[in-house]
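# Coordinates only, no sequence provided:
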């Protein structure tokens, strides 16, 4: 599901109505002038559409509309989050339109701008009604639909073009920065290059001088350290006769029997302390021998360390008195050199720009070829679908256009603009009548023709977009029975993938719908009001019969039952499930 509920109050004759479309296909029917298109207008206003003329009911101060959705795309959730709006299960788009003054727009109760409301609404509903479409008229959407039909070939071309154009732009930026830096800081740049050339190869690191000084001290005193450690190890307990541990051990061996024989407690204590001293002396000896083993005399390493310390000392003297100061100067110089092209000459940078420009042109041309193939296939398929939808002389065209740009890519001998989407601007054109030149969709295409084109496009391209709900008005203008039946079939097919709401006068279009809402006018207390009610069972049969003949005769009722049975795949006339109840504050 997507659109759960639409609430309209004081919008012309719609004083207080609630529409609750179901999943799949919902038909909105009623007599001519009953207010079907006005219901669509109410939805359009809730989505941020413009207000045309006087829309507030006579005698009222304001009109209000609110549309509640539960199939909220991830892009909408992210957009709302960026506005500080939390979206959980439902999202409500509401709008207040006063007779005078500025109105207000809200999303889940939070005030938003009309632009934000429109941006969110256009990702939830696609409307083709009374010559107006939220997406169908937009070149960017037309290109996206064409690319969807192009499949993997176009997808690969788009990816390759985006990467190549990004590399080209980056190369141009590098060259431009190099020129500007060289012009502005020529002398400073030269000094920076000299500093990088001098210090860069030294591979300096912070704290290196202190670490090397400590190592140098150890290497210089290695022989004396080892001698001292060996002497200490031998004296404490080197395993040879005469060591302190051996001497104490001999004394303990002599004194222990005497302490035992005489029972002298003080001598016994001295013997015990001497035994502990033997353990301490033995441990000292082992540690001293380990230190002696580590004190290796390495004259080659000592020479290397001393040489490196001399280099670091020269660096300190010439560049700020410390290694850290020298590193700071090196970082500043390297940044300036990078801004000027990383040390590469103007010729090398220009060559890189031309090479990246050529790669971008090749990728963009390959993408254009894939699009031309897709455009030809789309033209054939949509034209055939339009003719089945009672536009027998229709001709659908996809025009790929390029914009001249002296700073762009050279393609087919001309410089043209190219962005991450490639070279091509895409424009859909339609000629609905015989010998009529196909025109852009915003030039002379009627609401009914535009609705049928939108339907044909969605029948041809299954993944036209991710918009959850499609709304069509006037799609049945001028249709006969067979063509209307074909339109109903196509609508039912499209409705398997997304929610579809169609305003129609044709029983052949209403019958395949899983849900049907009826708009009716009535006089109440001296004023005309419209109501919207869901119909099911025999009430729905009578409404379909009325669409056929204006009067529900027995023959019309029998035919209505037949149409409903056929429209529901052989099942009995459908029963609407109860409309979901939505709280007013949601």
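Now that the structure is in, tell me what you want to look at. Predicted model only: the values in this text are computed from it and were never measured. Numbers count the residues shown, from 1 in each chain.

# domain assignment for this protein?
1-133+465-529+578-586, 136-173+346-446, 202-335 (automatic domain parsing).

# Grab the nearest non-local neighbour of residue 216.
Leaving out its chain neighbours, the residue that sits closest to residue 216 by CB to CB, 6 or more residues apart in numbering is residue 305, at 4.8 Å. Yep, even glycine has a C-beta here, placed from its N, CA and C like the rest.

# try residue 306
residue 216 (6.2 Å).

# The residue nearest to residue 216: how many residues sit nearby?
Neighbourhood size, residue 305 [other CB atoms under 10 Å]: 21.

# In which helix or strand does it reside?
Secondary structure from DSSP states H and E places residue 305 in helix 299-318.

# And for residue 128?
Using DSSP H and E, residue 128 sits in strand 125-129.

# And the contacts of that strand?
2-3, 37, 40-41, 43-44, 47, 49, 67, 133-136, 447, 450-451, 453-454, 465, 467-475, 503 (CB atoms under 8 Å, 6 or more residues apart in numbering).

# Within the sheet, what are the partner strands of it, with directions?
Paired with strand 125-129 in the same sheet, following DSSP bridges, are strand 132-133 (antiparallel), strand 469-473 (parallel).

# Let me see the contact set for the closest residue to residue 381 other than its chain neighbours.
Of all residues not flanking residue 381 in the chain, residue 460 sits nearest, at 4.4 Å (CB to CB, 6+ apart). Contacts here follow CB under 8 Å, 6+ apart; on that basis residue 460 touches 149, 378, 381, 382, 385.

# would JSON lines of the residues you listed with distance to residue 247, neighbour count and secondary structure be doable?
Shown next, in JSON lines, are the contacts of residue 460 (distance: CB to CB, whole Å; neighbours: other CB atoms under 10 Å; DSSP: H, G, I helix; E, B strand; the rest coil):
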{"residue": "149", "distance to residue 247": "100", "neighbour count": "22", "secondary structure": "helix"}
{"residue": "378", "distance to residue 247": "104", "neighbour count": "23", "secondary structure": "helix"}
{"residue": "381", "distance to residue 247": "107", "neighbour count": "17", "secondary structure": "helix"}
{"residue": "382", "distance to residue 247": "109", "neighbour count": "24", "secondary structure": "helix"}
{"residue": "385", "distance to residue 247": "111", "neighbour count": "22", "secondary structure": "helix"}
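
# Out of these, which comes closest to residue 80?
Set against residue 80, the nearest of the contacts of residue 460 by CB to CB is residue 149 (31.0 Å).

# thought that closest one was touching residue 378?
Yes: Residue 149 is within contact range of residue 378, at 5.2 Å (criterion: CB atoms under 8 Å).

# Give the intersection of the neighbour lists for those two.
460, 461.

# residue boundaries of the helices in the stretch 351-500 of the chain?
In chain order, the stretch 351-500 of the chain shows helices spanning 447-460, 481-494, with DSSP state H, counting those that start in this stretch as the criterion.

# out of those, deepest packed?
helix 447-460 (a mean of 24; mean count of other CB atoms under 10 Å).

# Summarise which helices and strands whichever strand or helix holds residue 523 is packed against.
For residue 523, the element it lies in under DSSP H and E is strand 515-524. Here strand 515-524 touches strand 25-30, strand 527-534, helix 537-549, going by 3 or more CB pairs under 8 Å, 6 or more residues apart in numbering; DSSP states H and E.
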